[in-house]
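Q: dropping a prediction and its sequence here:
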Amino acid sequence: IWRRKDPVGGGAKVARMSESVYVRLQKDDSRPADSEVEELFDRVLNALLIPEAAQASLRSNETMDGKWRLVQLNKQLLETKAVSTSFAAEDVALVGSLRESAKRPRLSEVARLKRRLTSGSRGLLEGFYGQDGLGLLARLLWARLDKPGEYTELDSALCLESYGCVKALMNHRKGLETAAAHGELLAAVAATSLHDPTSVTGAPPAAVGLEVLAVA
């Protein structure tokens, strides 16, 4: 039977329940009781960072079958160990590594950060903000200009991935508001967009940078 988390001491119980539900959904996709569907639906909406107004509309207007379909499509968010549900130790390590190597970051690490932010939940994004993630993105971009030598295709690719990180944050209301208020980040996006050479990445970074600024 599903019960909401108790105010005190309910965490372990909820974790065990969510893990067992995930395992069950992997083995049996039959629809459970309406009360369970509502509970799972509510948790999926929160994990997907859907705005409160939209959540209220979905709860009121979506059919039970529709709610269950959404749960099935996003059942990985119900697994306790799913990496996309919180800002984990590996995320702290990734941010720390990028901060230390901002002048010469690994493209693979910036791309990995973009993937995490694109698929991230409320907990992951809140953790990223708490680590001064927007400041990190600004630093990564400024470093492409504040370095010896010419602006290379690697710099272009790093900018493109960094813009992707900003876009992923701006897909959510809080991220949009936070990024739009971060003057240093917007200035870094604008400055690097002006230094866009022809790129082999398939998507001109300047165009993506200008798209970020237009949304902001």
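A: Happy to help now that I have it.
Q: what's the closest non-adjacent residue to residue 34?
A: Spatially, and ignoring its direct neighbours in sequence, residue 34 is nearest to residue 64 (5.7 Å; C-beta to C-beta, 6 or more residues apart in numbering). Glycine gets a C-beta too; all of them are placed from N, C-alpha and C.
Q: the one you found is in contact with residue 32, isn't it?
A: No - shown here, residue 64 and residue 32 do not form a contact pair, counting by C-beta atoms under 8 Å, at 10.6 Å.
Q: which residues of the chain score low on pLDDT?
A: 1-28, 47-51, 77-85, 120, 196-216 (pLDDT under 70).
Q: where along this structure do the helices fall?
A: Using DSSP state H, the helices of the chain run over 11-27, 34-47, 52-61, 64-73, 89-100, 107-119, 122-130, 133-145, 153-170, 173-180, 183-193, 205-215.
Q: how many residues are close by the nearest residue to residue 175 once chain neighbours are set aside?
A: Excluding the flanking residues, the one nearest residue 175 by C-beta to C-beta, 6+ apart is residue 169, at 3.4 Å. With neighbours defined by other C-beta atoms under 10 Å, the count for residue 169 comes to 25.
Q: would you check how far apart residue 169 and residue 180 are?
A: Residue 169 is 10 Å from residue 180, where distance means C-beta to C-beta, to the nearest Å.
Q: in this protein, which residue is most central in space?
A: Compute the mean C-alpha point of the chain, and by C-alpha atoms, centre = their mean the closest residue is residue 117, 2.6 Å away.
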